[in-house]
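Asker: Structure for this input, please:
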Amino acid sequence: MDMTRILYNGRCPICRAEITQYARRAEALGAPLVFEDLHETSLDRWHLTPDAAMRRLHAQLPDGRFVSGIAAFAAIWDHLPRLRWMARAVRLPGVRTVVRLAYDHIAAPVLYKMHLRRERLGSSTTRP
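Answerer: As a prediction, this is how the structure comes out:
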């Protein structure tokens, strides 16, 4: 069975919580999804720097193509029957544009900045 691979930031609590829900559903259904925490896998096969990987959700489709952002979410939703309607919805003209703009210019940058802040605060509290 061809797998869709998902790369996510496991150190982001919001990202981790959402991916955990998807992973549980996928496992229960036997869906062909593999979830990889970017901090626990080689990014070479993804052709991404750690910084680029942290900025958004990424997926590698069964045909080898890489997608990110809303397209990566849709790749997950395609395999989860209760969420399949969302995959269809975000691909509709007009909806696709609005959702991509919201993710690319609001959600992803905010989550990335929150992650950097958590990392900075975490590293400053562990220093002697």
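Asker: Now the residue nearest the centre of the chain: closest residue in space that isn't a chain neighbour?
Answerer: Centroid-nearest residue in the chain: residue 57, 2.7 Å away (criterion: Cα atoms, centre = their mean). Spatial nearest neighbour of residue 57, excluding adjacent residues (Cβ to Cβ, 6 or more residues apart in numbering): residue 72 at 4.3 Å. (Each C-beta comes from the backbone N, C-alpha and C, glycine too.)
Asker: looking at it, the one you found is touching residue 55, isn't it?
Answerer: No - counting by Cβ atoms under 8 Å, residue 72 sits too far from residue 55 to count as a contact (11.9 Å).
Asker: neighbour count winner among these two?
Answerer: residue 72 (22 against 19; other Cβ atoms under 10 Å).
Asker: Now for the more buried one: which residues touch it?
Answerer: 6, 56, 57, 58, 59 (Cβ atoms under 8 Å, 6 or more residues apart in numbering).
Asker: Contacts only, for the third one.
Answerer: The contact partners of residue 57, taken as Cβ under 8 Å, 6+ apart, are 6, 7, 8, 15, 68, 69, 72, 73.
Asker: how much space is there between it and residue 34?
Answerer: Computed with Cβ to Cβ, to the nearest Å, the distance linking residue 57 and residue 34 is 14 Å.
Asker: quick one: common contacting residues for those two?
Answerer: What both residue 57 and residue 34 touch, as defined by Cβ under 8 Å, 6+ apart, is the set residue 6.
Asker: what pLDDT does the residue nearest to residue 57 get?
Answerer: Note for residue 72: predicted pLDDT of 99.
Asker: in the helix or strand that it is a member of, what's buried?
Answerer: Per DSSP states H and E, residue 72 falls inside helix 70-77. Across helix 70-77, burial judged by 16 or more other Cβ atoms under 10 Å covers 70, 71, 72, 73, 74, 75, 76, 77.
Asker: Kindly report the same for stretch 97-111.
Answerer: Judged by neighbour count using 16+ other Cβ under 10 Å, the buried positions of stretch 97-111 are 99, 103, 108, 111.
Asker: so can I have JSON lines of these showing pLDDT and distance to residue 88?
Answerer: Formatted as JSON lines, those follow (pLDDT from 0 to 100; distance: Cβ to Cβ, whole Å):
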{"residue": "99", "pLDDT": "97", "distance to residue 88": "12"}
{"residue": "103", "pLDDT": "97", "distance to residue 88": "17"}
{"residue": "108", "pLDDT": "96", "distance to residue 88": "22"}
{"residue": "111", "pLDDT": "94", "distance to residue 88": "25"}
